[in-house]
Each structure stands twice: as C-alpha cells, then as structure tokens.
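S.K.: Give me a model of this one.
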Amino acid sequence: MRLTTLGLMSMIAAAGCHLPAQADEPLFDEATESDDRLKELHHDAGDLCLRNPSRDVEVVVACKAMIIYGLALNERGWCHGRHDESNAEKDWHICESGSDRFSLDHLTDFQ
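M.R.: The predicted structure is shown next:
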C-alpha cells in the first residue's frame, strides 16, 4: 500500500499518539521512487520549508515532507549530514555511525 505524504501525516495526526524515534518495521519498503528522486523531493520541500518564515499550512507540510523523504532515504541507507557538520555542509551520503538520521518524533512536533 502506497501512502502519500499528506495521507501519512493525516494518519499520524488522527492517531494522536507519541511515536517511537524509529519505526519497528520499514515504512516505505514498497516505495517505487528512486533514491535520486527522493533526494530531489527532499530538496524541493526544503526550498519551501527552510527559506520561508511563514507558518502557513503549506510550509508546515513541506517541512514534514522533508522528514518523510529523509526517513525513506534512511531506510535505504542514506543519511543527510554528520553530527559535526554545519547545516551548510550537510549532504546525502551512505550512513555511518556519526551520521544524522531523521526521527519519527519530528512528525508530531508542530512548534
């Protein structure tokens, strides 16, 4: 079953519960997007999220989409940045022990 970004976010909001930091089972094992496409989608969502001080719904959805694309890429062994890097230095790479990973907890944080 394929879930859209909005559909997944709706399910999380409807559940109203706290999720663990990492999923017990893969969330996106049937996703058909290539790794490059997911990186592109993450970048495009970031353009709206990170460059816009507005708290409009569209911007919040873009910020949550970045996390969802990041989670999907993490499941495929890709990480965005390392613990010791500034945001400007972060880039996609094969995950290592010091790599940054996305968390499900960030999906329910709307501050």
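S.K.: Break down this structure into its helices, ranges please.
M.R.: 5-15, 35-50, 57-75 (DSSP state H).
S.K.: out of those helices, nearest to residue 27?
M.R.: helix 57-75 (6.4 Å; C-beta to C-beta). Where you see a C-beta, it was placed from the backbone N, CA and C, and this is true even at glycine.
S.K.: relative to helix 35-50, how tilted is that closest one?
M.R.: Using axes from the mean of the first three to the mean of the last three C-alpha atoms, to 10 degrees, the inter-axis angle of helix 57-75 relative to helix 35-50 is 150 degrees.
S.K.: Buried residues, helix 57-75. List them.
M.R.: For helix 57-75, burial by neighbour count (16 or more other C-beta atoms under 10 Å) applies to 59, 61-75.
S.K.: can you check stretch 42-56 too?
M.R.: Result for stretch 42-56 [16+ other C-beta under 10 Å]: buried residues 42, 45-46, 48-49.
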